[in-house]
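Q: just a sequence and a predicted model for now, questions to come.
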Amino acid sequence: MTNRQSHAAIQLDYGDSTPDFVSDSVIRYYVELDAFTTFEQSEYAAECFEAANELWRGAPVRFQRVFYPDTAYFLVVGSSRDQQTTYASAFFSNDLVCLRKVTIYPLAFQHPEAIVSILAYELGHMLGLHELASETEQNEPSLWFGVSSPLSAMQYYRNLGPVEIAIHWLDIELLVSFYDYAYNRGQYQGSPTFLVDIDMEGEF
């Protein structure tokens, strides 16, 4: 999730294995317009999500908006709950159907100029990336792939607005390399990698 706390860089892993979408997958999403406080918010959120998706152009998978929820792999929704420190939250590629949502909280709409950046960060999670978990979440397993980059999309700073989040070419290059590695090797540093085939997964 994107929040006001300090996390940095990129990590991979989920429990005792590393899930990834199949390369070249098209991940369909549905914007639930009625799930936002106002119609204007829903339309703006939809525009920002498309803009965030465009920032990840060149990534191993791409996201495509659909207009029927039963054809979508995940939902984009708003929430009226004030999370105070949380701008948005997302999911990992192998999460259960009921968890496959990108939720945008009221705090994000207090920073409309930053929503594209916030959603770009959440897309990074969905593509399999994590913050610097080796420092901030030492009790949870994670793996380091490639090199640390202070310009990474997964890095943001304490007391600095989310507008600073940006996709760096190294994010995409390393992500492509890891997806290729996962496909060809089936493991990384002893952790099994498995591919999430969206055509085999349940839909809404």
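A: Received, thanks. Numbers count the residues shown, from 1 in each chain.
Q: can you pull the buried residues of stretch 56-64?
A: Judged by neighbour count using 16 or more other Cβ atoms under 10 Å, the buried positions of stretch 56-64 are Trp56, Ala59, Pro60, Val61, Phe63. Just so you know, the C-beta spots here come from the backbone N, C-alpha and C atoms, and that holds for glycine as well.
Q: now do the SS call for the nearest residue to the first one once chain neighbours are set aside.
A: The shortest distance from Trp56 to any residue other than its chain neighbours is 5.6 Å, reached at Leu123 (Cβ to Cβ, 6 or more residues apart in numbering). Under the three-state scheme (DSSP: H, G, I helix; E, B strand; the rest coil), the conformation of Leu123 reads as helix.
Q: need the contact list for Leu123.
A: Residues in contact with Leu123 (Cβ atoms under 8 Å, 6 or more residues apart in numbering) are Ala52, Asn53, Trp56, Phe63, Ala90.
Q: isn't the last one right up against His125?
A: Yes - in this structure Ala90 lies within contact range of His125 using Cβ atoms under 8 Å: 4.7 Å.
Q: re the thing from before, relative to Leu96, which of the contacts of Leu123 is nearest.
A: Of all these, Ala90 has the smallest distance to Leu96: 13.9 Å, by Cβ to Cβ.
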